[in-house]
Structure formats: structure tokens, C-alpha cells
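Colleague: can you look at this prediction? I've put the sequence above it.
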Amino acid sequence: EVGPQPELSVCMYRYHPKNGDVNEFNLKLVELVKEDGRVFISSTNLNGVTWLRLAVLSFRTRLKTIDILLEILKEGVREQIEN
């Protein structure tokens, strides 16, 4: 799910699992990304809804970095669904 319209360079998004707590699922995703260490994202909670946040601020950010993040997120979703 895509969050509110981005301001500047921060985009917000989250994954809706078929079962379980959506907020808890997404907090686990952000922890998996942090544990991997190749890309940094943060989370926020707006009106009781947890969102993942990606801020692309550096001129050094490349498409490859975004692709890595997407792969980490896909793997994290698969891992959580299988468990």
C-alpha cells in the first residue's frame, strides 16, 4: 500500500498480509532491513497505522540501491508468510 503523497524525498508504504496484524508485520519488515544493513529505512506511526519510510536524499543514491531494498523487502515478506 502506498502512503500519503510524498513530501520532498520521503515516500511511505506498507505491506498488507492476508493474516495477522498489519502494523506488527511491517515493524518486523523494517527490522529485517536494518539487520541486513545494506539499505536504511525507518518507520512511523500515523493515527495508529505503521508505515515504512524511505528517504532518498543523497545524489549518490542509485537505482541499484532501490532494487536492493525491494529484494530485501520481498525476502522479508516471504520469510514472514512462511513462518
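Modeller: Perfect, thanks for sending it.
Colleague: what pLDDT does the residue lying farthest from the centre of the chain get?
Modeller: Most distant from the centre of the chain: Phe59, at 20.7 Å, with distances by C-alpha atoms, centre = their mean. Phe59 is assigned a pLDDT of 80 by the prediction.
Colleague: for my notes, confirm it occurs in a strand.
Modeller: No: Phe59 is assigned coil when assessed by DSSP: H, G, I helix; E, B strand; the rest coil, not a strand.
Colleague: how close does it get to Ser9?
Modeller: Distance of Phe59 to Ser9, computed by C-beta to C-beta, to the nearest Å: 11 Å. Where C-beta positions appear, they are placed from N, C-alpha and C, glycine not excepted.
Colleague: now swap in Ile41 and tell me
Modeller: 13 Å.
Colleague: same deal with Asp21?
Modeller: Taking C-beta to C-beta as the measure, Asp21 falls 29 Å from Ser9.
Colleague: quick one: contacts for Val10?
Modeller: The neighbours of Val10, taking C-beta atoms under 8 Å, 6 or more residues apart in numbering as the test, are 53-55.
Colleague: now distance to Ile81 and secondary structure too, for the residues you listed, in a markdown table please.
Modeller: Listed next are the contacts of Val10 as a markdown table, based on distance: C-beta to C-beta, whole Å; DSSP: H, G, I helix; E, B strand; the rest coil:
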| residue | distance to Ile81 | secondary structure |
| --- | --- | --- |
| Arg53 | 22 | strand |
| Leu54 | 22 | strand |
| Ala55 | 27 | strand |
